[in-house]
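Colleague: Sequence first, predicted coordinates after that:
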Amino acid sequence: MKKNLVINFKLLSNNNITIEEFLFLYKLYININYDDKTINKKKLIDKLLITTVKDYNILLKRGKELIQSQLIDNNEEELPPSFDEIDNFVDVYRKKWKELGPGLMGDPKACKNNLTTWMNKNPQYTFDDILMAVDLYLRSVGNPKYIQRADYFIRKVEKGVEHSRLSIFIEEIGNYRDENWTNQLS
């Protein structure tokens, strides 16, 4: 499985490593041996990240661990959505509540924050799954005056306890799909 490289600048700062030195280590990690005259190899040797034999640079265990700590699996389902995607989705999401009553769309900033938090905890779900859960929830409430605000539907913390109707209804989507699998046959 291919991996993406994530560069944590705080980690580099804490280890007193420049971005150029980190990328030098990364090139060694992926078996590209090159000689960059701007890199302070003595510093990397002193930190036990590399060693040199003749003109050949060798990444040491500590250097490999540093690089590996910055790699994540390249699985699109596990990558968090971008800020632009979330902004666009929040608009679509909130419109589901628009015609139901005043104030039910919730605060856009709270929707975005709650959604970002929820999606980071539940990366297996897509935007489509969330919209299906919303539709199921809205159909299940008989009287609009009992509908929960859009931002609280995602996530609400009361007395230190987190509640999420989204989590409940998104599980129902899975159950609904399992029960109605024959509807998907062509």
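Modeller: Arrived safely, thanks for sending. Numbers count the residues shown, from 1 in each chain.

Colleague: Need the distance between the two termini of stretch 31-41.
Modeller: Terminal residues of stretch 31-41 lie 17 Å apart, using CA to CA, to the nearest Å.

Colleague: Report the mean per-residue pLDDT for that stretch.
Modeller: Stretch 31-41 shows a mean pLDDT of 76.

Colleague: residue contacts, the closest residue to Phe169 other than its chain neighbours?
Modeller: Once flanking residues are discounted, Phe169 sits nearest to Ala133: 4.0 Å by CB to CB, 6 or more residues apart in numbering. For every residue, glycine as well, the C-beta is placed using N, CA and C. Going by CB atoms under 8 Å, 6 or more residues apart in numbering, Ala133 touches 166, 169-170, 172-173.

Colleague: How about the secondary structure of Ala133?
Modeller: On the three-state scheme (DSSP: H, G, I helix; E, B strand; the rest coil), Ala133 is labelled helix.

Colleague: Could you tell me how far it is located from Leu115?
Modeller: Noted for Ala133: a distance of 12 Å to Leu115, by CB to CB, to the nearest Å.

Colleague: what do you get for Asn143?
Modeller: Here the criterion is CB to CB. By it, Asn143 lies 26 Å from Leu115.

Colleague: So which of these two has more stuff around it?
Modeller: Leu115 (22 against 6; other CB atoms under 10 Å).

Colleague: which stretches of this structure have low pLDDT?
Modeller: 1-2, 33-35, 73-84, 174-186 (pLDDT under 70).
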